[in-house]
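Asks: fold the following.
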Amino acid sequence: MAKREFGTCFFEQYAQISLSALLGSDYDTLVNRDRPDLQSSDGHSMGIEVTRAMEESRKAHLDLLKDISGITPSGREEETDLGRILEFGYGYGLRKGRFVGARELSYWSMALPMQRIIESKVHKNGDGFYGTFDQMGLFIFSHDNLLEPEALKAMNYTMSLQKSLERRYDRLYLADVDDLFVCNLEDGLSEGSRLVRIGITREQRQSFYMEAIRRQNA
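Replies: Sure, this is the predicted structure:
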């Protein structure tokens, strides 16, 4: 396996941990590789590309969020979270994703708006960049909270882009710190049955975060 960038790997592992916890055992054995980022151990059953999206207006503010050492916590839980961000360098999954840790700054700085990242990933998949899998998914982290109409828009846009392609994504996963939207992109389904919204509790976020950190240090 090619060496993975530390900050990128954290998010790929966070994605696998959350999918396994929220959607079940089909995702338990996904391994962290490249092209795509998460794969079944047999190399053909399931592949999931992991990426990130951010509103264009957010980019200018990221540098202001990097240095959090001067923030005064208002409670014990917040103090613990801030300590973890400073120690491990990641803020995603803590304090509702409000702060960006030093290690993840470049990850979000390179993020594209949702529409542009979907276009890029659909075209790469269609061109065979990720190879061939029995089921192929696209997992997109959003730094900002997503509303259901936004998730539906992203789902429909993905389907419209790939409708004439031989290689398509079967699933679209849209994740912010509070929710995971699971979109079934297969043919023959009504729009109302395609999207499921799964809430993520504070305790789950902290659990996903700490397990991803543990794997980084294993």
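Asks: give me every residue that touches the residue minimising distance to the centre of the chain.
Replies: Note on the chain: the residue nearest the mean C-alpha position is Phe141, at 3.2 Å, using Cα atoms, centre = their mean. Phe141 makes contacts with 11, 15, 50-53, 92, 175-176, as judged by Cβ atoms under 8 Å, 6 or more residues apart in numbering. All C-beta atoms are positioned from the backbone trio N, CA, C, and that covers glycine.
Asks: quick one: which of the residues you listed has the most company?
Replies: The most crowded member of the contacts of Phe141, judged by other Cβ atoms under 10 Å, is Ala15 (28 neighbours).
Asks: about what we covered before: next step: the contacts of Phe141 restricted to strands.
Replies: 50-53, 175 (DSSP state E).
Asks: got a pLDDT number for Gly192?
Replies: Note on Gly192: pLDDT of 78.
Asks: quick one: it from Gly47, how far?
Replies: Distance of Gly192 to Gly47, computed by Cβ to Cβ, to the nearest Å: 27 Å.
Asks: and what of Gly89?
Replies: Per Cβ to Cβ, Gly89 is found 28 Å from Gly47.
Asks: which of those two has more neighbours?
Replies: Neighbour totals were compared for Gly89 and Gly47, and Gly47 leads with 26 against 18 (other Cβ under 10 Å).
Asks: need the three-state assignment for the more buried one.
Replies: Here Gly47 is recorded as strand under DSSP: H, G, I helix; E, B strand; the rest coil.
Asks: now do Tyr90
Replies: Tyr90 - assigned by three-state DSSP - is coil.
Asks: any chance you could map the helices in this structure?
Replies: 6-23, 62-66, 76-88, 105-109, 114-126, 148-162, 202-217 (DSSP state H).
Asks: hang on, Glu12 packs against Asn32?
Replies: Yes - using Cβ atoms under 8 Å, Glu12 is in contact with Asn32, at 5.3 Å.
Asks: who's more crowded, those two?
Replies: Applying other Cβ under 10 Å to Glu12 and Asn32 shows that Glu12 carries more neighbours, namely 26 against 17.
Asks: a markdown table please, covering the contacts of Phe141 and showing pLDDT.
Replies: Shown next, in a markdown table, are these (pLDDT from 0 to 100):
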| residue | pLDDT |
| --- | --- |
| Phe11 | 96 |
| Ala15 | 98 |
| Val50 | 97 |
| Thr51 | 97 |
| Arg52 | 95 |
| Ala53 | 94 |
| Tyr92 | 92 |
| Ala175 | 97 |
| Asp176 | 95 |
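Asks: just give me the closest of the residues you listed to Gln115.
Replies: Ala53 (8.6 Å; Cβ to Cβ).
Asks: which strand residues bridge that closest one?
Replies: Beta bridges link Ala53 to Leu112, Ser142 when assigned by DSSP bridges.
Asks: Ala212: what's it in contact with?
Replies: For Ala212, the contact set (Cβ under 8 Å, 6+ apart) comprises 10, 13-14, 17, 90, 93.
Asks: now tabulate those residues in CSV and tack on neighbour count.
Replies: Shown next, in CSV, are the contacts of Ala212 (neighbours: other Cβ atoms under 10 Å):
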residue, neighbour count
Phe10, 25
Gln13, 23
Tyr14, 24
Ile17, 22
Tyr90, 25
Gly93, 28
